[in-house]
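Q: the following block contains a protein sequence and its predicted model.
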Amino acid sequence: MGSAYAVAIAVGVGVAIQVAILGRSSGKFHPLTISVALQLAGLLVGTLWMVSQRAWSEVTTVVAQWWWVPLGALGWLLVAALGFASHRIGVATTLGLAVASQLLVGLGEDVRSGVTALGVRPIAGAALLVAGLILISGRA
């Protein structure tokens, strides 16, 4: 389980660095253009991985599903949106809004599906998220 925490932290660091670079680049290039370039880089690295691991059958299995196209399109738009927003409101505020909204929607989904009961702790956590966002954005 410890390695999962390390991976999650590494992902957070990577996303923050990526969003900072996206924000700076969005001042020079359209965010959708940057996102396409990043998707192409991901495709190149992913193809190298698939070839080395002989994972083509897994890819064809996923591509046969309907959901890969809208999720891929959403990923392209998300990367562009992060660049667009961070160029205008900063990396910390952009990521704060993104993470807080993810957690709040996730909490709503967990409550809806019965994984979590809505009580004092989840409400306090949501309030702390909003307070943290206000403090980190400097727009109190």
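A: Yes, it's here.
Q: and the closest residue in space to L118 that isn't next to it in sequence, how close does it get to L129?
A: In space, and not counting its chain neighbours, L118 is closest to V111: 4.8 Å by Cβ to Cβ, 6 or more residues apart in numbering. The way it works is simple: take the backbone N, C-alpha and C, and place the C-beta from them, glycine included. Plainly put, V111 is 15 Å away from L129 if you go by Cβ to Cβ, to the nearest Å.
Q: then A4?
A: Distance from A4 to L129, by Cβ to Cβ: 22 Å.
Q: of the two, which one has the most company?
A: Per other Cβ atoms under 10 Å, whichever of A4 and L129 has more neighbours is L129, with 17 against 8.
Q: dump the residue contacts of the more buried one.
A: A100, L103, L104 (Cβ atoms under 8 Å, 6 or more residues apart in numbering).
Q: tally of neighbours for the residue nearest to L118?
A: V111 has 14 nearby residues by other Cβ under 10 Å.
Q: host element of it?
A: helix 91-113 (DSSP states H and E).
Q: pull that helix out as CSV, backbone CA atoms only.
A: C-alpha atoms of helix 91-113 as CSV (Å, rounded to 0.1, in the frame of the first residue of the first chain):
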residue,chain,number,x,y,z
VAL,A,91,-1.4,26.9,-11.1
ALA,A,92,-2.3,26.6,-7.4
THR,A,93,-5.8,28.1,-8.0
THR,A,94,-6.4,26.0,-11.1
LEU,A,95,-5.4,22.8,-9.4
GLY,A,96,-7.2,23.8,-6.2
LEU,A,97,-10.4,24.2,-8.1
ALA,A,98,-9.9,21.0,-10.0
VAL,A,99,-9.1,18.9,-7.0
ALA,A,100,-11.8,20.4,-4.8
SER,A,101,-14.5,19.9,-7.5
GLN,A,102,-13.3,16.3,-8.1
LEU,A,103,-13.5,15.5,-4.4
LEU,A,104,-16.9,17.2,-3.9
VAL,A,105,-18.4,15.4,-6.9
GLY,A,106,-16.7,12.2,-5.7
LEU,A,107,-18.2,12.6,-2.3
GLY,A,108,-21.6,13.2,-3.9
GLU,A,109,-21.2,10.0,-5.9
ASP,A,110,-20.1,8.0,-2.8
VAL,A,111,-23.1,9.3,-0.9
ARG,A,112,-25.5,8.5,-3.8
SER,A,113,-24.1,5.0,-4.2
